[in-house]
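Asks: let's see this in three dimensions:
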Amino acid sequence: MAGPAAMTAHLTLTPETIRPLLAALESLNHEAEARRVALLHESGLVLAETGEDAHQDHGESGALAAGTFFAACHLARRLGEESFSGLHYQGASREFLLTAAGPEALLLVVFDQRTRPAIVRACVGKYLPSLEAATARLRSAPPQPAAPPASWLPTGPVFRETTPPTTDLAAVFHT
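Replies: From the prediction side, this is the model:
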């Protein structure tokens, strides 16, 4: 995922930057017949989500999903697999697919027996380029510190001495 340079970028979450993400997520959700689709920052922050139980868990699933993804990625590397792309979990009633969606984002798709994992993977492959492009538009350069207003700047000497400066240092330290 992201390196140190990517961490200096900021996320700009505005209606203009989120709208394309939501449109792609909603299309993916509908076409895959998923229960929920969420785009997560690598930190676990939910950037955008849609589906029947979206906005219900206040981000806990995002944090758990990010931790799970990175743990599975590192385990795969320790086992000799260098090309880890994602994780599929099959439970008794729900399944999820968790995959990278750009350098700093993860895609979480929750589905049930109404659809097959192969259908979900095909839909993810179809929508991943538009999700990655929309995610890239979220990144912006860090804001530059604003210059202090001109009225704030001092107009005269900052330090004012009331006595003339001493030129004899010996007199100052050996009194």
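Asks: show me where the chain has strands.
Replies: For the chain, applying DSSP state E gives strands covering 10-11, 36-41, 46-51, 86-90, 95-100, 105-111, 139-140.
Asks: helices or strands up against the longest one?
Replies: It stands for strand 105-111. helix 15-32, strand 36-41, helix 60-78, strand 95-100, helix 117-136 (3 or more CB pairs under 8 Å, 6 or more residues apart in numbering; DSSP states H and E). Just so you know, the C-beta spots here come from the backbone N, C-alpha and C atoms, and that holds for glycine as well.
Asks: out of the strands of the chain, which gets the lowest mean score?
Replies: Note on these: strand 139-140 shows the lowest mean pLDDT, a mean of 68.
Asks: quickly list what the residue most central in space within the chain is bridged to.
Replies: Per CA atoms, centre = their mean, the C-alpha nearest to the average position across the chain is that of His41, at 2.7 Å. Using DSSP bridges, the bridge partners assigned to His41 are Ala105.
Asks: quick one, what contacts it?
Replies: Listed by CB atoms under 8 Å, 6 or more residues apart in numbering, the contact set of His41 reads 11, 47, 62, 66, 104-106.
Asks: let's see 10 Å
Replies: For His41, the contact set (CB atoms under 10 Å, 6 or more residues apart in numbering) comprises 2, 11, 47, 62, 66, 104-106, 135, 138.
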